[in-house]
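Participant: Sharing a model that was predicted from the sequence below.
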Amino acid sequence: MQKIISMNRNTIITLSFAVFTLLLTGCKKYLKETSQDEMTPTTASSLNEVLAKEGYPYISTSITASDGFSFCNYLNVMDDDIHLQNVNAYSQVTAVAKPFYIWSENANNDVALSGYSSLLRNPYQSLYNRIRGCNVVMDMLPEVSGSVAEKEQMQGEALVLRAYYYFMLVNLYGWPYNDPAHDRNTSLGVPLISKGSISDAAVARSTVKEVYDFITADMEKAISLLEKQRNISTVYRINYRAAWLLASRIYQHMEQWDKVIAYTDKLIGEYPLLTDLNAWKTPLAQGSNGLSNANFIDPSNVEMLFMFSGARGGDYNLFNVAGGLAYFSCIASTELINQYETNDMRFGVYTGSTNLPANFFLTRLSGYYMNSKIYLNATAVRSFRMAEAFLNRAEANIRTAIKGGDASLLQKALDDLNALRLKRFKTGSANTVVTLASLGNDAQSVLQFCLAERRRELTFEEFRWFDLRRYGMPSIAHTFNVNEPFTVTPGAATETYTLAKGSSRYVMKIPDNAMAANPLLVQNQ
């Protein structure tokens, strides 16, 4: 898609070939047919299938799916949890990952020059594709038959999805909401498209504040609709609990801590479940292929509120740019590894060791890889899960206390963090529970402990880069050795790259094709 294309609800809705095929084969009797490739849903049920295919994150097993596995498969590579190795057998991974790993000024163009541009996702295009699908569905809701409950549920889901997509866009292409150096009232976010009407008109970028105002309006409306229905059907569809969690994440970035607390209070009060790693599957049990098929991000995990983005057989990793054992190129950084304490089971379950069984043909590799939360049989690899709710509420309570609120909120925050740690540390570990006294009864120390706990828990799940942005965009250093990991000698061919504090590279360039298609777009500098 070269432009943000939308559809007019007063005209025939021209669906993509994939959706056309789905509707033609699955619910043709519910559609009004106007030509061989133009169809209009006439019932809430058939329109719901359009939402599932065009509005929800795409589930795909194809490496060429433009908005499949991850909207932004380079997010994890830019933060400080990753170390990139130059594994020659998977040089395409290095070609795609390195420009982002070193925060190149125009990483997209660098990847294109490498010849592997087909492996790179275009989040700008992909996210607007999904927004378009949500808009079309909401535009058509008044025109289809069905119950009020069906329509309200569908509208609520579409609003949450659209809010999530705009949240991703504004955090990729705009300065952070809380950045004091860039006034959110004037700094540019992304274009806001709220209708599915056909139009070739160029759309200018709204401000960061305008985008967040749009997002929160969508979320508040969605929550009112979803709370009314209180429908939980499947982990692959949005529900009111997932909406509460996303709302807490959005308000966290806006530093509206009272709203973070309000929504996490609702969620944890109703659904306080966390997975006990003491009873979890062994992540690297010997199998016929040398690896187990156990997934932490899995429907069987009680923490999961919403799961999305499809896995590709054989590429079981969270970076996911090229087939086979690509995850060996992107391993956990030493800094991340050092964050884990003795008896913290997340170290093994979340990072995984590449010291594989003897029959595995790449035993020469070493390190801790970032595929550890998903494996060969993963059905989805992104999720909204309950651990985040405990972390969001803890941080909100701490920051409220620091701003002059009730000091007892510090203990409430530690209660949440300890509830999480009790499910993550080996049973009986002496260092599981943390007290105010152990942190010197100091609010800033409690905050830093909370943020470290967040890093340990959510690593490799596309949180860290956005968190670093709202933490003030600190300086990051990445190293790269062209000979690693096979023939590394100390100091040999090692390159060091530094992202300066507050660097403009914390804001991504808008892709060239989007700039060419929309003359009103202003490029990030």
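Facilitator: Happy to help now that I have it.

Participant: Quick check, residue 116 in contact with residue 98.
Facilitator: No - applying Cβ atoms under 8 Å as the test, residue 116 and residue 98 come out as separate, 10.8 Å apart. All C-beta atoms are positioned from the backbone trio N, CA, C, and that covers glycine.

Participant: Give me the more crowded residue out of these two.
Facilitator: residue 98 (22 against 18; other Cβ atoms under 10 Å).

Participant: Look at that one and give its secondary structure.
Facilitator: Counting by DSSP: H, G, I helix; E, B strand; the rest coil, the backbone at residue 98 sits in helix.

Participant: shouldn't it be in contact with residue 85?
Facilitator: No - proximity of residue 98 to residue 85 does not meet the contact threshold set by Cβ under 8 Å, at 10.7 Å.

Participant: Quick one: low-confidence residue ranges for the chain.
Facilitator: By pLDDT under 70, the weakly predicted segments of the chain are 1-39, 58-70, 87-91, 118-119, 198-200, 281-294, 310-328, 352-372, 375-378, 485-492.

Participant: ok, and the residue positioned nearest the centre of it, which helix or strand is that part of?
Facilitator: Per Cα atoms, centre = their mean, the C-alpha nearest to the average position across the chain is that of residue 462, at 4.6 Å. Following DSSP states H and E, one finds residue 462 outside all helices and strands.

Participant: That one contacts residue 74, doesn't it?
Facilitator: No - counting by Cβ under 8 Å, residue 462 stays clear of residue 74, with 10.2 Å between them.

Participant: and residue 307, that's in a strand?
Facilitator: Yes - read with three-state DSSP, residue 307 is one of the residues of a strand.

Participant: So which residues of the stretch 301-450 of the chain form helices?
Facilitator: All helices of the stretch 301-450 of the chain, identified by DSSP state H, counting those that start in this stretch, fall at 334-337, 346, 386-402, 409-422, 443-458.

Participant: From the contact counts, what lies against the longest one?
Facilitator: Think helix 386-402. Under the contact criterion of 3 or more Cβ pairs under 8 Å, 6 or more residues apart in numbering; DSSP states H and E, helix 386-402 touches helix 240-253, helix 257-270, helix 409-422, helix 443-458.

Participant: For it, list the C-alpha coordinates in CSV.
Facilitator: Presented in CSV, the C-alpha positions along helix 386-402 are these (Å, rounded to 0.1, in the frame of the first residue of the first chain):
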residue,chain,number,x,y,z
MET,A,386,-1.3,-10.3,33.7
ALA,A,387,2.3,-9.8,34.9
GLU,A,388,2.2,-6.3,33.2
ALA,A,389,-0.7,-5.3,35.4
PHE,A,390,1.2,-5.9,38.6
LEU,A,391,4.2,-4.1,37.2
ASN,A,392,2.1,-1.1,36.0
ARG,A,393,0.3,-0.7,39.3
ALA,A,394,3.5,-1.0,41.3
GLU,A,395,5.2,1.7,39.3
ALA,A,396,2.1,4.0,39.4
ASN,A,397,2.0,3.6,43.2
ILE,A,398,5.7,4.4,43.6
ARG,A,399,5.6,7.5,41.4
THR,A,400,2.5,8.7,43.1
ALA,A,401,4.3,8.4,46.5
ILE,A,402,7.3,10.2,45.1
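
Participant: Check the offset of that helix from the chain's centre.
Facilitator: For helix 386-402, the separation from the chain centroid amounts to 19 Å (computed by Cα atoms, centre = their mean, to the nearest Å).

Participant: Repeat that for the last one.
Facilitator: When distances are taken as Cα atoms, centre = their mean, helix 443-458 is centred 20 Å away from the chain's centroid.

Participant: Convert that helix to CSV, retaining C-alpha atoms only.
Facilitator: Below are the C-alpha coordinates for helix 443-458, written out as CSV (Å, rounded to 0.1, in the frame of the first residue of the first chain):
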residue,chain,number,x,y,z
ALA,A,443,11.5,5.8,47.4
GLN,A,444,13.9,6.2,44.5
SER,A,445,15.5,2.9,45.3
VAL,A,446,12.1,1.3,45.3
LEU,A,447,11.4,2.8,41.9
GLN,A,448,14.7,1.6,40.4
PHE,A,449,14.0,-1.9,41.8
CYS,A,450,10.5,-1.8,40.2
LEU,A,451,11.9,-0.8,36.8
ALA,A,452,14.5,-3.5,37.0
GLU,A,453,11.8,-6.1,37.8
ARG,A,454,9.9,-4.8,34.8
ARG,A,455,12.9,-5.4,32.6
ARG,A,456,13.5,-8.9,33.9
GLU,A,457,9.9,-9.9,33.4
LEU,A,458,9.0,-8.3,30.1
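
Participant: after it comes which helix or strand?
Facilitator: Next in line after helix 443-458, if elements are assigned by DSSP H and E, sits helix 464-470.

Participant: and that next one, what does it pack onto?
Facilitator: Using 3+ Cβ pairs under 8 Å, 6+ apart as the contact criterion, the neighbours of helix 464-470 among helices and strands are helix 75-78, helix 240-253, helix 443-458.

Participant: That helix: how far from the chain's middle?
Facilitator: Helix 464-470 sits 12 Å away from the centroid of its parent chain (Cα atoms, centre = their mean).

Participant: mind listing what the helix or strand just after that helix pairs with, with the direction of each?
Facilitator: Downstream of helix 464-470, the next assigned helix or strand under DSSP H and E is strand 476-481. Strands adjacent to strand 476-481 in the sheet, as given by DSSP bridges, are strand 494-499 (antiparallel).

Participant: can you pull out the strands in the stretch 251-400 of the chain?
Facilitator: Defined through DSSP state E, counting those that start in this stretch, the strands belonging to the stretch 251-400 of the chain, from first to last, are 304-308, 330-332, 382-385.

Participant: how is this structure carved up into domains?
Facilitator: Structural domains of the chain, as assigned by automatic domain parsing, span the residue ranges 1-69+122-231, 74-120+271-508.

Participant: So for residue 519, which of those sits nearest?
Facilitator: Ranking the domains of the chain by distance to residue 519, with Cβ to Cβ as the measure, places domain 1-69+122-231 first at 5.3 Å.

Participant: ok, back up a step: let me have the domains of the chain in a markdown table, extended by distance to residue 239.
Facilitator: Formatted as a markdown table, the entries for the domains of the chain read as follows, by distance: least, Cβ to Cβ, whole Å:
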| stretch | distance to residue 239 |
| --- | --- |
| domain 1-69+122-231 | 6 |
| domain 74-120+271-508 | 7 |
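
Participant: Let me know whether residue 225 touches residue 150 as I believe.
Facilitator: No - between residue 225 and residue 150 no contact is recorded; they are 11.5 Å apart, counting by Cβ under 8 Å.

Participant: hang on, the earlier thing: of all the strands of the stretch 251-400 of the chain, which lies closest to residue 111?
Facilitator: Ranked by Cβ to Cβ, the member of the strands of the stretch 251-400 of the chain that lies closest to residue 111 is strand 330-332, at 15.3 Å.

Participant: Check which helices and strands that closest one sits against.
Facilitator: Strand 330-332 is packed against strand 82-84, with contacts defined by 3+ Cβ pairs under 8 Å, 6+ apart.

Participant: partners of the strand it packs on, with directions?
Facilitator: With DSSP bridges as the test, strand 82-84 pairs up with strand 330-332 (antiparallel).

Participant: So for the residue nearest to the centre of the chain, what's the nearest residue that isn't a sequence neighbour?
Facilitator: Nearest-residue entry for residue 462: residue 75, 4.7 Å, with adjacent residues in sequence omitted and distances by Cβ to Cβ, 6 or more residues apart in numbering.

Participant: how close does the one you found sit to residue 124?
Facilitator: Residue 75 is 14 Å from residue 124, where distance means Cβ to Cβ, to the nearest Å.
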